[in-house]
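*Asks:* For reference, the sequence and a predicted model appear below.
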Amino acid sequence: MDNIIQNIQGIPLNHYLIFCSIIFSIGVIGVLIRRNVIIIMMSIELMLNSVNLLLAAFSAYRGDASGQVFVFFIMALAAAEVAVGLAIVIMVYRNTKSVDIESLSKLRW
Amino acid sequence: MTIFYFVAFLSIFFALMTIFTKNPVHSVLYLVITFFTFTVHYILLNAQFLAVVNFIVYMGAIMVLFLFVLMLLNLNKDIEPMRSNLVKIMGAVAGMCMLVTFLGAFKVIESNNEFVTGNSDVGLVKNLGKVLFDEFLLPFELSSILLLTAMVGAILLAKKETKEA
């Protein structure tokens, strides 16, 4: 364990910021360029995860446990979001026989 | 120290593969690998509780859910809807612009370049449990209601509508 701890020492907080912004941007690009609803939800998971990692990094950096508790709540929220989202996807697929996000453009009201 | 950069490279690589692979099933598998690298990041930060939860909840539950829905819907590469190239390029440029904005903002605020210590024991289960059941007891209980609501909603949405309804 000491070996691992020594490994992390010497990484500036800035590098965590840069790394997490890159992953977040990849998630945004994924939402913009794909039309499959399931892949769009996976990109959203990527964004949530990058924010989680950044919260954990700040928490370890400050020695404050609140950040990691927030990560725990975000994970519970992500699980709920995925369950409801995939149920909606299944319902849309049953009605339109596709998972294309454009097929939802006919929604009214 | 170099482990972080290696794992970060792997995360970025597999995240890119996730959004650029045409086959949705491959996409899910790449996302699983991405989440595994995130677990390694948590271990490096000495956040052991989060590492275990990330492993179980994300790689176990959420990814199985995605894979299950993909296989239920019987999607494959041939019917995968793709955007036109113009929209793809515009999306990539927009994402890059956001990344540059982020990096510029971080440069302006000049967060002090000290090192992440990671040797404090805030991430251990004992410590987190004390905080979770003391300071954050009410949000913790409320999250159980959230999960119950989500479960009811998911079942209600995915259930086939009966004729008489």
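*Replies:* Yep, it's here. This structure is a prediction, so every number in the text was calculated from the model and none was measured. Numbering: from 1, shown residues only, chains lettered A, B, ... in the order given.
*Asks:* which residues of chain A score low on pLDDT?
*Replies:* Residue ranges of chain A with pLDDT under 70: A:1-10, A:108-109.
*Asks:* where do the helices sit along chain B?
*Replies:* B:2-20, B:24-44, B:48-53, B:63-73, B:85-109, B:125-132, B:137-158 (DSSP state H).
*Asks:* scratch that, chain A
*Replies:* Per DSSP H, chain A has helices spanning A:2-8, A:13-33, A:37-62, A:66-96. These are given in chain order.
*Asks:* between these, which one is nearest to residue B:146?
*Replies:* The closest of the helices of chain A to residue B:146 is helix A:66-96. By Cβ to Cβ, the value is 5.6 Å. (C-beta placed from N, C-alpha, C; glycine too.)
*Asks:* need the helices of chain B in TSV with mean neighbour count, mean pLDDT and distance to residue A:25, can you?
*Replies:* As requested, those are exported to TSV (neighbours: other Cβ atoms under 10 Å in any protein chain shown; pLDDT from 0 to 100; distance: least, Cβ to Cβ, whole Å):
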stretch	mean neighbour count	mean pLDDT	distance to residue A:25
helix B:2-20	18	91	10
helix B:24-44	21	91	14
helix B:48-53	20	90	23
helix B:63-73	17	87	22
helix B:85-109	13	89	4
helix B:125-132	15	86	30
helix B:137-158	14	91	28
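*Asks:* would you list these in TSV and tack on distance to chain A?
*Replies:* Conversion of these to TSV gives the following (distance: least, Cβ to the nearest Cβ, whole Å):
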stretch	distance to chain A
helix B:2-20	3
helix B:24-44	5
helix B:48-53	6
helix B:63-73	5
helix B:85-109	3
helix B:125-132	4
helix B:137-158	3
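*Asks:* what sits against residue A:99?
*Replies:* A:36-38, A:89, A:92-93, B:73, B:75, B:81 (Cβ atoms under 8 Å, 6 or more residues apart in numbering or on different chains).
*Asks:* Kindly report the same for residue A:43.
*Replies:* Residue A:43 neighbours (Cβ under 8 Å, 6+ apart): A:26-31, A:34, B:18-19.
*Asks:* The same query, at a cut-off of 7 Å, please.
*Replies:* A:27, A:30-31, B:19 (Cβ atoms under 7 Å, 6 or more residues apart in numbering or on different chains).
*Asks:* Centre-most residue in chain A?
*Replies:* What sits nearest the mean C-alpha location of chain A, by Cα atoms, centre = their mean, is residue A:48, with 2.4 Å.
*Asks:* Would you quantify the distance from that residue to residue B:32?
*Replies:* Look at residue A:48 and residue B:32: by Cβ to Cβ, to the nearest Å, they are 15 Å apart.
*Asks:* Just give me the neighbour total for the nearest residue to residue A:57 once chain neighbours are set aside.
*Replies:* Taking Cβ to Cβ, 6 or more residues apart in numbering or on different chains, and ignoring the residues beside it in sequence, residue A:57 has residue A:16 as its nearest neighbour in space, at 4.2 Å. When counting by other Cβ atoms under 10 Å in any protein chain shown, one arrives at 23 neighbours for residue A:16.
*Asks:* Domain parsing of chain B, as residue ranges.
*Replies:* As given by automatic domain parsing, the domain ranges for chain B are B:1-79, B:80-110, B:119-160.
*Asks:* of all these, which lies closest to residue A:73?
*Replies:* domain B:119-160 (5.9 Å).
*Asks:* since we're on the residue nearest to residue A:103 when sequence neighbours are not counted, how many residues are nearby?
*Replies:* Distances taken as Cβ to Cβ, 6+ apart put residue A:96 closest to residue A:103, at 4.5 Å, once the chain neighbours are dropped. Using other Cβ under 10 Å, residue A:96 has 12 other residues around it.
*Asks:* Distance to residue B:102 added to the helices of chain A, as a markdown table?
*Replies:* Listed next are those as a markdown table, based on distance: least, Cβ to Cβ, whole Å:
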| stretch | distance to residue B:102 |
| --- | --- |
| helix A:2-8 | 23 |
| helix A:13-33 | 4 |
| helix A:37-62 | 11 |
| helix A:66-96 | 19 |
